[in-house]
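> this is the structure alone, sequence omitted:
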């Protein structure tokens, strides 16, 4: 794929795009840019140009699919998701903790972005409608390996930041202290941190998994940030927070901004305290004012307040729909090949490629050849400037494509620490080896000279048989 991205750099469309990105307050209409071509050309421009880029899709699913495209084309650590904080509406005040974590990670990433680096933020109108804490009130505490910090002072700081002390950390905003080990679940990260002290010195910093409490990787420094939705100070739009240096990419700008106003209007109508609610939300007018000095790039030239000042024609068309009619696919590949196009199939499944080759042989077209690229895009496209065709495997076989979102708090179907904390002595549990039993509480045992915490259960026909196993989520189910 690197070869294809390099070829894109030689196109007149990408050269024009890079030129327009350097002009502040520019509004660029991206004409004939369809399917996965937006992600493709955006990735090529971002990799070459650097800087901060915000992609606004029509809804959450579209934003997530675009983000997965960019995962495949860029360094996925520099591609972040900016969701809405709430499951339903800001009126009901039911925050989704993992969404607050992802929003905070974006704010922290924007603030710490280096001049020679890049960051891509993918979002949608409902998330864009919510205000964020201004940079002045985005407080964080950085702790590094080798730094001298007293545990008592660290605990006082966490209490002041609004963190809650618990026995086991399993939700953002919690911390625990066990001897010289402090576990902290910062809102800047989807996994909690484990700070290991030797006296007053930070000896090691690690992330660990919630489900089994086991460490997974080492870090040199960590940023501890509290819930930004509850921080003091005023709220600003995301556009105001990222500043005028950001470039904004819109699928349908008018739809997105109208949707922002709809979210605000409904929330104010349903709220018991509309004045307070109004301070938490932004509007179309405010967003356009905050973007006044930023470059806007749009697939639809439909913003009355900011008509296009430049137009770039990309000459792309969407992948045709074949509806599992592989003879049509074969004809399409043959036609494009005869016209001098290079045809690729985007897939990470070698078995599907072999299946497709067998289908071509069975239909009497053994000479049809597709080059395989281990890159996944949500939609295929034809680029008439580069003279290449990208087919996607899931579109050819008419399959649903799942997306993933980095930064989600991963939980499994096994027993979680939260569920463990809710158990009472005598509650029924099922042990994977010993069957049904009753929860007997948490106890400490000595194992090879080391003390560890275990779960005690009574099993085997309710006789007084004690089964002790390590405190690992995979052993139990409620």
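Good, I have the coordinates. What you see is a predicted model; the values in this text were computed from it and never measured.
> ok, now how distant is the residue nearest to residue 313 when sequence neighbours are not counted from residue 300?
Nearest non-adjacent residue to residue 313, counting by CB to CB, 6 or more residues apart in numbering: residue 31, 4.8 Å away. Where you see a C-beta, it was placed from the backbone N, CA and C, and this is true even at glycine. As judged by CB to CB, to the nearest Å, residue 31 and residue 300 stand 10 Å apart.
> residue 154 now?
Residue 154 sits 51 Å away from residue 300 when distances are taken as CB to CB.
> what helix or strand is residue 54 on?
Assessed by DSSP states H and E, residue 54 sits inside strand 51-56.
> need the pLDDT of the closest residue to residue 230 other than its chain neighbours.
Closest residue to residue 230 apart from its sequence neighbours, by CB to CB, 6+ apart: residue 162 at 6.5 Å. Residue 162 is assigned a predicted lDDT (pLDDT) of 89.
> what is the burial count for residue 162?
12 (other CB atoms under 10 Å).
> the stretch 1-150 of the chain: helices as residue ranges?
Taking DSSP state H, counting those that start in this stretch to define them, one finds helices in the stretch 1-150 of the chain at 2-8, 12-21, 37-49, 60-73, 97-111, 125-128.
> the second one - contacts with which helices or strands?
Put plainly, it is helix 12-21. Helix 12-21 sits against strand 27-31, helix 37-49, strand 295-298, strand 310-313, with contacts defined as 3 or more CB pairs under 8 Å, 6 or more residues apart in numbering; DSSP states H and E.
> neighbours around residue 303, how many?
Residue 303, neighbours per other CB under 10 Å, totals 19.
> wait, isn't it in contact with residue 252?
No - the pair residue 303 and residue 252 fails to qualify as a contact (CB atoms under 8 Å) at a distance of 9.9 Å.
> what ranges does the stretch 301-450 of the chain have for its strands?
310-313, 316-318, 342-346, 371-373, 381-383, 388-392, 428-431, 435-447, 450-459 (DSSP state E, counting those that start in this stretch).
> which parts of stretch 298-306 are buried?
Residues of stretch 298-306 classed as buried: 298, 299, 301, 302, 303, 306 (neighbour count, 16 or more other CB atoms under 10 Å).
> could you pull up phi and psi at the fourth one?
Spelled out, it's residue 302. phi -130, psi 20 (degrees, to the nearest 10).
> distance check, it against residue 253.
From residue 302 to residue 253 the distance is 7 Å (CB to CB).
> so what's residue 206 scoring on pLDDT?
pLDDT recorded at residue 206 is 93.
> against residue 155, how distant is it?
According to CB to CB, residue 206 and residue 155 sit 19 Å apart.
> more crowded one of those two?
residue 206 (18 against 15).
> what pairs with the more buried one across the strands?
Judged by DSSP bridges, the bridge partners of residue 206 are residue 194, residue 218.
> now it: how far from residue 317?
Going from residue 206 to residue 317 by CB to CB gives 49 Å.
> the nearest residue to residue 304 once chain neighbours are set aside: what secondary structure?
Leaving aside its chain neighbours, residue 304 sits nearest to residue 254 (8.0 Å; criterion: CB to CB, 6+ apart). Following DSSP: H, G, I helix; E, B strand; the rest coil, residue 254 is assigned to helix.
> what's around residue 254, how many residues?
The burial count for residue 254: 16, using other CB under 10 Å.
> from now on call the first residue 682
Got it, the first residue is 682 from now on, which makes the last one we talked about residue 935.
> could I get the pLDDT score of it?
For residue 935, the pLDDT comes out at 96.
> I'd guessed it sits against residue 982; true?
No - the pair residue 935 / residue 982 is not scored as a contact, 9.5 Å apart, by CB under 8 Å.
> mind listing what's buried along stretch 688-695?
The neighbour-count check on stretch 688-695 (16+ other CB under 10 Å) flags 688, 689, 692, 694, 695 as buried.
> can I get these in TSV including distance to residue 725 and pLDDT?
Output for the buried residues of stretch 688-695, formatted as TSV (distance: CB to CB, whole Å; pLDDT from 0 to 100):
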residue	distance to residue 725	pLDDT
688	10	70
689	5	77
692	9	87
694	10	92
695	6	92
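> mind picking the two most distant members of these?
Spatial extent of the buried residues of stretch 688-695 (CB to CB) is set by the pair 688 and 694 at 12.1 Å.
> residue ranges with poor pLDDT in the stretch 782-931 of the chain?
Along the stretch 782-931 of the chain, the model assigns pLDDT under 70 to residues 914.
> try 80 this time
Within the stretch 782-931 of the chain, the segments meeting pLDDT under 80 span 892-895, 910-915.
> show me the helices in the stretch 1032-1159 of the chain, by range?
Going by DSSP H, counting those that start in this stretch, the stretch 1032-1159 of the chain shows helices at 1074-1077, 1098-1103.
> quick one, phi/psi of residue 901?
In terms of degrees, to the nearest 10, the main-chain angles of residue 901 are phi -90, psi -30.
> burial check on it, number of neighbours?
9.
> cool, and residue 701?
Considering only other CB under 10 Å, residue 701 is surrounded by 20 other residues.
> who's in contact with it?
Contacts of residue 701 were listed using CB atoms under 8 Å, 6 or more residues apart in numbering, and they are 707, 709, 976, 978, 991, 993.
> which of the residues you listed lies closest to residue 1135?
residue 978 (57.2 Å).
> correct me, but that closest one touches residue 928?
Yes - between residue 978 and residue 928 there is a contact at 6.6 Å, judged by CB under 8 Å.
> wait, residue 909 touches residue 814, no?
Yes - counting by CB under 8 Å, residue 909 does reach residue 814; the two are 4.6 Å apart.
> mutual contacts of these two, please.
Joint contacts of residue 909 and residue 814 (CB under 8 Å, 6+ apart) are residue 788.
> next, the distance between the ends of stretch 972-991.
From its first residue to its last, stretch 972-991 covers 17 Å (CA to CA, to the nearest Å).
> how far does that stretch sit from its chain's centre?
The chain centroid and the centroid of stretch 972-991 are separated by 26 Å under CA atoms, centre = their mean, to the nearest Å.
> again with stretch 713-732
With CA atoms, centre = their mean, you get 18 Å for stretch 713-732.
> average pLDDT for it, rounded please.
Stretch 713-732 carries an average pLDDT of 93.
> tell me the buried residues in that stretch?
Result for stretch 713-732 [16+ other CB under 10 Å]: buried residues 714-728, 732.
> nice, that's everything, thank you.
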